[in-house]
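J.: predicted model follows, preceded by the sequence.
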Amino acid sequence: MIPANKSPLFEWVFHKFNSFFLKRHFQHIYVTGEPPLSRARSLFLVNHSTWWDPLVIFLLNRTCIRSDAYAMMSEEGVQSFPFFRRLGAFSVNQASRRDILASLHYAEERLQHEQAVWMFPQGEEQALEIRPLRFQNGASYVMDKVSNGTVVPIALYYTFQGTRKPNVYISIGTGIPFSNFVHMSRRERTTKLEDIHTSVLDDLKQQVVNGDTQHFQQLL
């Protein structure tokens with residue numbers, strides 16, 4: 001497991017570059033929903049369908065949510081783009097059970113230290129329209145180990161709308177206390193998290209398709 005090596009200065013510099021880079025490739029990025037009142041001990045779960053997702057959620061966190069963020073990322077991704085460690089990324093190698101447990105323990109420690117953790121619970125990129133979302137048990141495992149946390153679904157939806165560049169729509173779901181899941185088994189909890197996220201993502205898609213986006217705020 002490769003730990004994060006956060007640098008506030010690097011985060012500031014990267015935010016300038018990232019904003020410019022996203023503007024070159026996307027028409028607009030929009031968001032709806034309210035961040036949790038407390039970002040400490042928040043576990044943000046994000047559907048994963050494109051290479052762009054980490055850059056979009058970095059922008060979202062930097063400009064809207066503003067958590068002290070750490071993010072679980074594939075070992076291959078961290079090795080290919082080591083600068084993500086400076087932004088709070090830590091690795092997971094899904095081919096090694098020992099490495100998975102080390103990464104989940106690291107996520108647990110971050111939450112215990114009043115920080116926030118971002119995860120892609122699908123474990124790998126999946127087509128945006130795929131159903132079921134096929135959540136893995138990692139988030140459920142972390143929730144077993146931490147008290148007084150909040151899980152927050154974050155849905156990302158990419159679409160073209162008559163422009164050369166695509167738009168990105170983001171929905172911040174309602175935060176749910178870990179205690180709401182305490183009587184569930186790990187598998188039941190994972191299924192419940194997947195159902196909640198599917199509902200948030202499908203509702204976001206329907207709003208975009210129906211043009212019901214007047215309440216969205218523009219991030220970019």
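T.: Yes, it's here. Residues are numbered from 1 along each chain as shown.

J.: tell me the spacing between Glu34 and Lys145.
T.: 27 Å (Cβ to Cβ, to the nearest Å). For the C-beta atoms, the positions are set from N, CA and C on the backbone; glycine is no exception.

J.: check Arg110 too.
T.: 12 Å.

J.: pick out whichever of the two has more residues nearby.
T.: Neighbours were counted for Arg110 and for Lys145 using other Cβ atoms under 10 Å; Arg110 has more, 24 against 15.

J.: now Asn148: closest residue in space that isn't a chain neighbour?
T.: Distances taken as Cβ to Cβ, 6 or more residues apart in numbering place Arg41 nearest to Asn148, at 6.0 Å, with adjacent residues excluded.

J.: phi, psi for that neighbour please.
T.: Backbone torsions for Arg41, taken as degrees, to the nearest 10, come to phi 60, psi 30.

J.: touching, it and Leu111? I think so.
T.: Yes: using Cβ atoms under 8 Å, Arg41 is in contact with Leu111, at 4.9 Å.

J.: where's Val117, which helix or strand?
T.: Using DSSP states H and E, Val117 sits within strand 116-119.

J.: what residues sit buried inside whichever helix or strand comes after that strand?
T.: Where DSSP H and E defines the elements, the next helix or strand beyond strand 116-119 is helix 138-145. The neighbour-count check on helix 138-145 (16 or more other Cβ atoms under 10 Å) flags Gly138, Ala139, Ser140, Tyr141, Val142, Met143, Asp144 as buried.

J.: quick one, what contacts the fifth one?
T.: Read it as Val142. Val142 makes contacts with Leu43, Leu104, Ala107, Glu108, Leu111, Val117, Met119, as judged by Cβ atoms under 8 Å, 6 or more residues apart in numbering.

J.: now do 7 Å
T.: Val142 is in contact with Leu43, Leu104, Ala107, Glu108, Leu111, counting by Cβ atoms under 7 Å, 6 or more residues apart in numbering.

J.: ok, back up a step: list residues touching both of Arg41 and Leu111?
T.: With Cβ under 7 Å, 6+ apart as the test, Arg41 and Leu111 both reach Val146, Gly149.

J.: just want the angle from the helix or strand encompassing Ser103 to helix 138-145.
T.: Using DSSP H and E, Ser103 sits in helix 97-112. Helix 97-112 runs at 60 degrees relative to helix 138-145, counting by axes from the mean of the first three to the mean of the last three Cα atoms, to 10 degrees.

J.: what comes up buried for helix 97-112?
T.: Result for helix 97-112 [16+ other Cβ under 10 Å]: buried residues Asp99, Ile100, Ala102, Ser103, Leu104, Tyr106, Ala107, Glu108, Arg110, Leu111.

J.: which one of these is nearest Thr159?
T.: The shortest approach to Thr159 among the buried residues of helix 97-112 belongs to Ala107, at 30.9 Å (Cβ to Cβ).

J.: tell me, how many residues neighbour the residue lying closest to Ser103 once chain neighbours are set aside?
T.: Closest residue to Ser103 apart from its sequence neighbours, by Cβ to Cβ, 6+ apart: Val92 at 3.9 Å. The tally of other residues near Val92 (other Cβ under 10 Å) stands at 26.

J.: would you check that Val92 makes contact with His105?
T.: No: in this structure Val92 lies outside contact range of His105 using Cβ atoms under 7 Å: 11.1 Å.

J.: max-length strand in the chain?
T.: Ranked by residue count and defined by DSSP state E, the top strand of the chain is strand 150-159.
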